[in-house]
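J.: Pasted the sequence and its predicted model underneath.
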Amino acid sequence: MDPRKLSALLSSLVSQLLFLFLLFDSNFHDFSSNYNGNLYSIINHLLSSQEIAASLSLVSVSRKRKRTHLAEPDSEPVEEEIGSGIGPEFALTRSPDSLKNCFKMTSSTFEWLSGLLEPLLDCRDPVGSPLNLSAEIRLGIGLFRLATGSSYPEIAKRFGVSESVTRFCSRQLCRVLCTNFRFWVGFPGSDELKSVSASFEELGGLPNCCGAIDCTRFNIVKESSGCELTQLGKLKEDSIATQIVVDSSSRILSIVAGFRGDKSNSRILKCSTLYKDIEGGMLLNSSLVGVNGVPRGEYLVGDGGYPLLPWLMVPFVDAVPGSNEEKFNRMLGLMHVPVLRAISSLKSWGVLNKPIEEELKTAVAIIGACSILHNVLLMRDDDSALCGGVGEYSVPDDSSKHHGDTSLEEISVQEKAFVIRNALATIVSETQV
């Protein structure tokens, strides 16, 4: 029997039974206790049956949608009504591998995120043009764009919506994440930093490290019609520099994007809010601890592209094999791996794995959204978009040594940093004896 008809029939029977029960309510107290229990048992049984039938009806509809809309990834898209394309309601029923490829997350993470973002995704439709799409569909469109990097026309065909709708949903998701959930990327307070430094010490043996820093570049092709063309007739690409700080689990603690890609890591650091906050004593401001008679505070670890500072440890240049300096560099390299893994994971998102065909402001929002989603996946122990290794990023970049004009004040700061680094190198030597 059709589950929907069964549901309707049971609803009718339950309604009639409840009506009879209320009709004879005045004589209810004359009933025996056994009859009273039996009556309630019947009512509960029928109510449960009604819920089961309703569930069967929903399952039937879901299966029907699967048969109607499910298509292999390589097959040609089918023209359908707006909103009736491959929505998340059936994408979630596909294999785990297909789901990760489409949305970079498991079904449980998708459902959790959909419920969290629903009030924000359902509002602020284009004026005079309501989309009439569920939050799941909107989220699916936005995530599909980020996860695969597919073009808007391709996404429009896959989801059975117009190209303008795919643009709106994709940008709406980035806007909601970067505006309302940016707190998922934030530098820890002093109490949490203690556990961060303890984890780094377990990883590399150096105490009081509170983060690993690095910078990466994402290529961008601006959408405006006046873009400059190369000699081959292609749109000229620019790049966006993005500075990232992570903890030992590769959770992003700080990210700043939007700098020109031709700027050095050192210049980007000194232009960032992170640098100003640390120099101003707002971050990494715990009490100094003596190490081999040298006062030392909290610090970050970076590669040779950064300057040596009291709060930023970088490798020794031309360290002699077997020396304390070489051992320190090796430990520093281990502690630097988490940020390389985070960068590699970000670039596994399809939209960041190739030139971003957006305006600069939108491209920066995309980088921010992927960073927030990166932390969400870590928070939920979902490794769908996390890289186990660091691939090409694991190769030491000896060519990117920090160079630049140095003032007398900076020389004084560097001398202080040299003393701190030498003291830390001694610790590494002692722990490996």
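T.: Right, received. Where do you want to start?
J.: Next, the buried residues of the helix or strand where Val176 lies.
T.: In this assignment (DSSP states H and E), Val176 forms part of helix 163-180. Judged by neighbour count using 16 or more other C-beta atoms under 10 Å, the buried positions of helix 163-180 are 165-178. Where you see a C-beta, it was placed from the backbone N, CA and C, and this is true even at glycine.
J.: what does stretch 374-386 give?
T.: His374, Asn375, Val376, Leu377, Leu378, Asp382, Ser384, Ala385, Leu386.
J.: Out of those, flag the one nearest to Leu133.
T.: Proximity of those to Leu133 (C-beta to C-beta) peaks at Val376, which lies at 22.2 Å.
J.: Mind pulling up the pLDDT for the closest one?
T.: pLDDT, Val376: 96.
J.: looking at this, it is in a strand?
T.: No - judged by DSSP: H, G, I helix; E, B strand; the rest coil, Val376 forms no part of a strand; its state is helix.
J.: where does the nearest residue to it once chain neighbours are set aside sit relative to Ser170, distance-wise?
T.: Beyond its immediate neighbours in the sequence, the residue positioned closest to Val376 (C-beta to C-beta, 6 or more residues apart in numbering) is Trp184, lying 6.3 Å away. Taking C-beta to C-beta, to the nearest Å as the measure, Trp184 falls 19 Å from Ser170.
J.: go on, Val376?
T.: Per C-beta to C-beta, Val376 is found 17 Å from Ser170.
J.: and what of Arg296?
T.: In terms of C-beta to C-beta, Arg296 sits 46 Å off from Ser170.
J.: try Ile356
T.: 12 Å.
J.: Arg175: what's it in contact with?
T.: Contact analysis of Arg175 by C-beta atoms under 8 Å, 6 or more residues apart in numbering lists Ala365.
J.: Begin at 29 from now on, thanks
T.: Sure, I'll start counting at 29 from here, so that last one is Arg203.
J.: Return the set of buried residues in the helix or strand encompassing Arg295.
T.: Per DSSP H and E, Arg295 falls inside helix 293-299. For helix 293-299, the buried set under the neighbour-count rule, 16+ other C-beta under 10 Å, comprises Asn293, Ser294, Ile296, Leu297.
J.: Over to stretch 127-144?
T.: Buried, per 16+ other C-beta under 10 Å, within stretch 127-144: Leu127, Lys128, Asn129, Cys130, Phe131, Lys132, Met133, Thr134, Thr137, Phe138, Leu141, Ser142.
J.: same check, this time on stretch 154-165
T.: For stretch 154-165, by 16+ other C-beta under 10 Å, it's Leu159, Leu161, Ser162, Ala163, Glu164, Ile165.
J.: Save the residues you listed as a markdown table, and put in distance to Cys243 and secondary structure too.
T.: Conversion of the buried residues of stretch 154-165 to a markdown table gives the following (distance: C-beta to C-beta, whole Å; DSSP: H, G, I helix; E, B strand; the rest coil):
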| residue | distance to Cys243 | secondary structure |
| --- | --- | --- |
| Leu159 | 38 | coil |
| Leu161 | 38 | coil |
| Ser162 | 39 | coil |
| Ala163 | 35 | helix |
| Glu164 | 36 | helix |
| Ile165 | 36 | helix |
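J.: where does the stretch 279-428 of the chain dip in pLDDT?
T.: For the stretch 279-428 of the chain, applying pLDDT under 70 flags the ranges 317-321, 416-428.
J.: what are the ranges of the helices in it?
T.: For the stretch 279-428 of the chain, applying DSSP state H, counting those that start in this stretch gives helices covering 293-299, 301-307, 352-374, 388-407.
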